[in-house]
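>>> Show me the folded form of this:
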Amino acid sequence: MATVCGVDRGERRGAGRGADRLAALARLVVPALVAGGIQLAGSFGASMRQPVARPLDAVAVVLLLAGPAALLARRRFPVATLAVTAAVVVGYLAPGYPYGPVVLSFAFALISAVFHGYRRPAWVLAGLTYVGLVTVSWLRLGAPSSWVLSGLAAWLLVILTVGELARVRRERLARERRDRAEAERRLATEERLRIARDLHDVLAHHVSLINVQAGTALHLLDEQPGLAREALTAIKASSKEVLVELRTMLGVLRRVDEDLPRSPIAGLAGLDELVERMRGSGVPVTVRRAGAARALPAAVDTAAFRIVQEALTNVHRHAGIATATVLVDYAGPQLVVQVDDNGRGPAAVSHSGADPGQGNGIPGMRERAAALGGRLWAGPRPGGGFRVRAELPAPAGSTEPLAESSRGEDRT
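All right, here's what the predicted structure looks like:
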């Protein structure tokens, strides 16, 4: 099935490239065909209206087709194409052939040269063509009037202006495409960093639980097999959940360059499940909520959950025999999440993660808060224990009242 899908995607990409090549060929050939048809038909019509002009012959037809043929090379050799079409115009009019739309291929070539950025050669060749046309007019009709001189100059200036406007528009569109691509790359990079932080939090939390429960199971396996069974059950649940979250994150990473995720991987909606998991690992946790819960920006919701998760993981790792209290406060203009414990664990430097050898828990939480414009404090509490408090910007939005049993009350 994967092979079939891969072949199907390859066929679609091949078909898309074929369509693009066909469209590019059409954009190259169609103007040349249009110019050739108009120049031939218009010149034969002009020959009938100008009986004093030299009749069209094979040389005239070749010259009328040479300019459009040169347009086929205007993308690869814009300056050479412009020079050839200018020479064709002067070479056609000099022998006395009738005036007509022979200048159309020159106009296309002039616009193309300016459009592709060859401005100076285009202006120089336009000036030389002007001199050539004035000279031909002088030889055929005598001294040209001021109307003829100004008309030729205005005609060339109009063509050059069209080319300049097309060039400016092309450069603006290219700049906008670059800006969009840069913005998409920046968003993709930010998303990868966010996922990396989430990955650290998930692994740190679940692997810590698995490690402690495995040690407990080994210690109690012979003496208290019932408790060992409970520890092994907790290990199974934690390992299953970490696999689910890892699978979700890896799926997001596979899609991050195609379509940036719009929904967070986790949020405060999963707080009760997190607390139950911590209780199952032997850490009594109480949850307090203040204020009416409201819709939060996805980044704030995810950051708040991950901060609580990392703080509880630190309690489990370092606080020893301890209880923890989680506060989620929606009452103020900022969302406040706070985790307190009454443990008597190792030195504060280890518990806080300040020692580079002890991990990235607290620094990672600070980075999360700072990235959203918030603040985080972490340190010993007066009278013992440890506190992690984060204040995250959460603009007021739609509210969703909490159940009466959980508003401002303890949930044990």
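>>> now residue 326, nearest residue through space, not along the chain?
Closest residue in space to residue 326, ignoring its immediate chain neighbours: residue 287 at 4.9 Å, by C-beta to C-beta, 6 or more residues apart in numbering. The C-beta positions use only the backbone N, C-alpha and C, and glycine is treated the same way.
>>> Could you verify that the one you found is part of a strand?
Yes - under DSSP: H, G, I helix; E, B strand; the rest coil, residue 287 falls within a strand.
>>> Low-confidence ranges, the stretch 201-350 of the chain, go.
201-209, 211-213, 216-222, 228, 236, 238, 240-265, 344-350 (pLDDT under 70).
>>> For the residue most central in space within the chain, grab phi and psi.
The chain has residue 184 as the residue nearest its centroid, 1.3 Å off, counting by C-alpha atoms, centre = their mean. Taking degrees, to the nearest 10, you get phi -70, psi -40 for the backbone angles of residue 184.
>>> in the strand or helix carrying residue 122, what's buried?
Using DSSP states H and E, residue 122 maps to helix 119-141. Of all the residues in helix 119-141, those buried under the rule 16 or more other C-beta atoms under 10 Å are 122-123, 125-126, 129-130, 132-134, 136-137.
>>> what does stretch 58-70 give?
Taking 16+ other C-beta under 10 Å as the criterion, stretch 58-70 shows 60, 63-70 as buried.
>>> Now, those residues that are in helices?
Among these, DSSP state H puts 60, 63-70 in helices.
>>> what two of those are the furthest from one another?
Greatest spacing in those, by C-beta to C-beta: 60 and 70 (16.4 Å).
>>> now for the helix holding residue 122, which elements pack on it?
helix 78-93, helix 104-115, helix 146-220 (3 or more C-beta pairs under 8 Å, 6 or more residues apart in numbering; DSSP states H and E).
>>> tell me the angle of it relative to helix 104-115?
Counting by axes from the mean of the first three to the mean of the last three C-alpha atoms, to 10 degrees, helix 119-141 lies at 160 degrees to helix 104-115.
>>> Report the backbone C-alpha coordinates of helix 119-141 in PDB.
Extracted C-alpha coordinates of helix 119-141, given in PDB (Å, rounded to 0.1, in the frame of the first residue of the first chain):
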ATOM      1  CA  ARG A 119      18.100  47.600 -18.000                       C
ATOM      2  CA  ARG A 120      21.200  49.400 -19.200                       C
ATOM      3  CA  PRO A 121      21.700  47.300 -22.400                       C
ATOM      4  CA  ALA A 122      18.000  47.700 -23.100                       C
ATOM      5  CA  TRP A 123      18.100  51.500 -22.800                       C
ATOM      6  CA  VAL A 124      21.200  51.700 -24.900                       C
ATOM      7  CA  LEU A 125      19.800  49.600 -27.700                       C
ATOM      8  CA  ALA A 126      16.500  51.500 -27.500                       C
ATOM      9  CA  GLY A 127      18.500  54.700 -28.100                       C
ATOM     10  CA  LEU A 128      20.400  53.200 -31.000                       C
ATOM     11  CA  THR A 129      17.100  51.900 -32.500                       C
ATOM     12  CA  TYR A 130      15.700  55.400 -32.200                       C
ATOM     13  CA  VAL A 131      18.700  56.800 -34.100                       C
ATOM     14  CA  GLY A 132      18.300  54.100 -36.700                       C
ATOM     15  CA  LEU A 133      14.600  54.700 -37.200                       C
ATOM     16  CA  VAL A 134      15.100  58.500 -37.500                       C
ATOM     17  CA  THR A 135      17.900  57.900 -40.100                       C
ATOM     18  CA  VAL A 136      15.600  55.600 -42.100                       C
ATOM     19  CA  SER A 137      12.800  58.100 -42.000                       C
ATOM     20  CA  TRP A 138      15.200  60.900 -43.100                       C
ATOM     21  CA  LEU A 139      16.400  58.800 -46.100                       C
ATOM     22  CA  ARG A 140      12.900  57.800 -47.200                       C
ATOM     23  CA  LEU A 141      10.900  60.900 -46.500                       C
END
